[in-house]
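*Asks:* What shape does this take:
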Amino acid sequence: MASERLARSMAARIAAPVLATALAVGTLTAFPTQSAIAAEYPGENEIAAARAAADDAATSVAQLDAAVASLEDALSEAEVAALIAQEDYLVAQEDAATAQEELTAAEKAADEADAALALARRGLAGAAMASYRNAGSMTELEAITQANGFSDVVSRHEAIDRASAEADVTVQEVRAAELVAQTMRERAEAAAAKAEAAEQLALDKSEDAEATRSAADQAVQDAASARSAAITRLAQMRGVTEQLEQERQDGLAAERARQAQEAFEAEQERLAQEAATGAEETSNEVGSTSTPKPTSSSKPDSTSTPKPTTTSSPKPTKTSEPEPTQTQTSQPEPTETRTPEPEPTQTQTSQPEPKPTKTSTPEPTKDPEPGGSWSSSASQGASAAAWAQTKIGAMYQLGGVGPRYDCSGLTMMAWSQAGEYISRTSRSQYQAVTHVPYSQIRPGDLVFWGSGKNASAIYHVAIYIGSGRVMEATVPGKTARTRSMYNWAVGDMMPYVGRP
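*Replies:* Below is the predicted model of the structure:
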């Protein structure tokens with residue numbers, strides 16, 4: 001026992017709390033794990049707590065159950081941290097590419113300005129040479145003395161004035177060309193500095209992503225060993241086999257996932273009810289202003305009844321009217337003219353001009369309310385979802401767009417083959433798509449995950465394929481797959497899906 005305690009003490013001093021200290025199975029025995037790659041990593045606290053619970057002889061079954069559940073949080077925390085770091089890198093990489101394009105365009109403009117300046121200077125030099133050659137023969141005195149009559153004097157004088165004016169114009173052209181060239185060169189220098197800074201930031205983000213991924217991988221390994229230790233201890237305490245205890249823990253995990261899904265669906269229902277209530281209140285307010293019901297209704301004079309029937313019945317079947325402008329003025333919600341049907345997925349896709357409301361929602365990430373219009377059809381969505389499923393088993397590659405993919409690379413290529421271009425990263429995709437309630441989700445729609453449901457912290461996107469399932473490319477070491485959209489990180493699911 002003394003040697004055992006010494007070994008445990010040395011292990012704790014070397015890598016505490018990263019290394020497992022002991023597992024009580026009858027007596028406490030030490031079990032080693034790999035040392036952490038990073039001094040601290042996501043989920044470390046939960047992993048250490050689970051190990052301590054497994055190591056404590058007085059730990060109850062309920063406490064160990066809670067410790068196992070906390071390991072799920074540790075794994076989610078580690079995986080999310082890695083995905084956020086990867087998304088940060090992709091965004092930085094995209095910004096660097098954009099900055100490089102701006103630099104190329106600025107350098108081209110600067111070169112063109114330099115060429116224009118050189119041409120203007122050559123023109124000025126030619127004018128100066130012509131003036132020098134004519135200096136001894138084109139004076140005002142010569143114009144008078146060598147003229148044949150008064151009219152000849154006038155014409156010769158006008159020719160000299162024109163030559164002088166042309167020289168002045170040439171000088172002004174050179175000065176303008178110099179100003180343009182200087183401005184373009186300054187812009188090119190600024191673009192070069194911006195491109196260099198963007199490239200450095202991308203490199204830094206790449207290193208951060210790699211370090212975070214390594215730490216997350218370590219967390220996964222440590223969490224797996226801690227969970228195994230806890231289940232072994234639970235099996236002993238409950239007098240069952242580890243297989244049965246594993247099945248029990250899987251059942252508890254499934255129950256937690258079900259509760260999380262129910263909570264998410266309840267939140268979606270609440271949002272839908274709030275939206276419906278808000279629309280009803282707006283309609284009532286408009287109705288009350290259009291029919292003021294004057295108190296003088298007991299006096300049947302003509303002024304008290306200004307034809308209320310025309311305002312109280314605004315002809316809801318306005319889509320069949322030949323003059324929609326008259327009905328639109330009486331309607332408080334202009335979106336009704338775009339979506340006369342109760343199913344927006346049917347009406348908006350049939351419209352030839354699908355993007356009129358993009359200008360009304362320029363910043364969807366700050367106000368992610370459902371609505372607006374989209375340019376894709378239901379058949380395109382189905383095509384994108386079907387194509388994505390042909391990539392089941394594809395290997396993961398950060399930034400990959402085929403034959404290896406990351407999450408946003410897969411969704412971008414799926415929609416590209418369906419005829420709709422969407423941007424490269426999951427964050428920019430969320431900003432570009434139309435936000436639609438989950439109650440209207442259809443195949444091809446994009447499901448997003450963001451830390452704290454924050455649009456600026458989106459880290460994952462998947463494509464909906466129907467029946468509550470999504471197709472996704474996930475993380476290194478895992479191939480592209482389908483799964484229930486509710487069995488992972490439900491608490492980070494954005495409140496609306498996206499439709500290109």
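
*Asks:* make it CA atoms for all contacts and neighbour counts henceforth
*Replies:* OK.

*Asks:* could you give the mean pLDDT of stretch 390-398?
*Replies:* Averaged over stretch 390-398, pLDDT sits at 95.

*Asks:* Counting neighbours, which bits of that stretch end up buried?
*Replies:* Lys391, Ala394, Met395, Tyr396, Gln397, Leu398 (16 or more other C-alpha atoms under 10 Å).

*Asks:* For these, give me TSV that also has secondary structure and distance to Leu64.
*Replies:* Shown next, in TSV, are the buried residues of stretch 390-398 (DSSP: H, G, I helix; E, B strand; the rest coil; distance: C-alpha to C-alpha, whole Å):
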residue	secondary structure	distance to Leu64
Lys391	coil	40
Ala394	coil	37
Met395	coil	36
Tyr396	strand	35
Gln397	coil	37
Leu398	coil	37
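
*Asks:* Let me know the closest of these to Thr482.
*Replies:* Lys391 (10.0 Å; C-alpha to C-alpha).

*Asks:* Need the phi and psi values for the closest one.
*Replies:* phi -100, psi 10 (degrees, to the nearest 10).

*Asks:* Report the contact partners of it.
*Replies:* Ala480 (C-alpha atoms under 8 Å, 6 or more residues apart in numbering).

*Asks:* and the helix or strand harbouring Glu265, what does it pack onto?
*Replies:* Remark: Glu265 resides in helix 242-290, with elements defined by DSSP states H and E. Judged by 3 or more C-alpha pairs under 8 Å, 6 or more residues apart in numbering; DSSP states H and E, the packing partners of helix 242-290 are helix 150-238, helix 308-312.

*Asks:* cutoff 7 Å now
*Replies:* helix 150-238 (3 or more C-alpha pairs under 7 Å, 6 or more residues apart in numbering; DSSP states H and E).

*Asks:* Kindly spell out which helices and strands sit in contact with the helix it packs on.
*Replies:* Partner elements for helix 150-238 (3+ C-alpha pairs under 7 Å, 6+ apart): strand 23-25, helix 44-55, helix 61-133, helix 140-145, helix 242-290.

*Asks:* and if we set it to 6 Å?
*Replies:* Here helix 150-238 touches helix 44-55, helix 61-133, helix 140-145, helix 242-290, going by 3 or more C-alpha pairs under 6 Å, 6 or more residues apart in numbering; DSSP states H and E.

*Asks:* and it, what's its mean pLDDT?
*Replies:* For helix 150-238, mean pLDDT is 83.

*Asks:* ok and it relative to helix 242-290, angle-wise?
*Replies:* 130 degrees (axes from the mean of the first three to the mean of the last three C-alpha atoms, to 10 degrees).

*Asks:* how far off helix 61-133 does helix 150-238 point, in degrees?
*Replies:* 170 degrees.

*Asks:* Helix 44-55 and helix 150-238, what's the angle between them?
*Replies:* Using the same axes, to 10 degrees: helix 150-238 against helix 44-55 is 10 degrees.

*Asks:* Quick check: which of the helices and strands packed on helix 150-238 has the most neighbours on average?
*Replies:* helix 44-55 (a mean of 24; mean count of other C-alpha atoms under 10 Å).

*Asks:* just checking, what packs against that helix?
*Replies:* Looks like helix 44-55 contacts helix 61-133, helix 150-238 (3+ C-alpha pairs under 6 Å, 6+ apart).

*Asks:* Give me the below-cutoff pLDDT ranges for the stretch 1-150 of the chain.
*Replies:* By pLDDT under 70, the low-scoring segments of the stretch 1-150 of the chain are 1-39, 127-150.

*Asks:* what about 90?
*Replies:* 1-46, 54-58, 72-79, 94, 113-114, 116-150 (pLDDT under 90).

*Asks:* cool, the stretch 251-400 of the chain as well?
*Replies:* 257, 267-375.

*Asks:* hmm, try it at 70
*Replies:* For the stretch 251-400 of the chain, the ranges with pLDDT under 70 are 279, 282-283, 285-372.

*Asks:* now the buried residues of stretch 390-398 in CSV, with distance to Gly498?
*Replies:* Formatted as CSV, these follow (distance: C-alpha to C-alpha, whole Å):
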residue, distance to Gly498
Lys391, 21
Ala394, 24
Met395, 25
Tyr396, 23
Gln397, 24
Leu398, 22
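
*Asks:* just those now: which is nearest Ala81?
*Replies:* Among the buried residues of stretch 390-398, and counting by C-alpha to C-alpha, the member closest to Ala81 is Leu398, at 14.9 Å.

*Asks:* Please list all residues in contact with the residue nearest to the closest one when sequence neighbours are not counted.
*Replies:* Using C-alpha to C-alpha, 6 or more residues apart in numbering and skipping the chain neighbours, the partner closest in space to Leu398 is Asp406 (5.2 Å). Residues in contact with Asp406 (C-alpha atoms under 6 Å, 6 or more residues apart in numbering) are Tyr396, Gln397, Leu398, Gly399, Gly400, Ala473.

*Asks:* Check the gap between Asp406 and Ala418 for me.
*Replies:* Asp406 is 19 Å from Ala418, where distance means C-alpha to C-alpha, to the nearest Å.

*Asks:* Arg481 against Ala394, yeah?
*Replies:* No - using C-alpha atoms under 6 Å, Arg481 is not in contact with Ala394, being 8.3 Å away.

*Asks:* Now for Gln440: which residues touch it?
*Replies:* Contacts of Gln440 by C-alpha under 6 Å, 6+ apart: none found.

*Asks:* How about Gly466, nearest residue that isn't a chain neighbour?
*Replies:* Pro443 is the one closest to Gly466 (C-alpha to C-alpha, 6+ apart), at 5.4 Å.

*Asks:* Return the distance of the one you found relative to Val497.
*Replies:* In terms of C-alpha to C-alpha, Pro443 sits 11 Å off from Val497.

*Asks:* With Ala97 instead?
*Replies:* 28 Å.

*Asks:* just Trp449 next, same as before
*Replies:* For Trp449, the distance to Val497 - C-alpha to C-alpha - is 10 Å.
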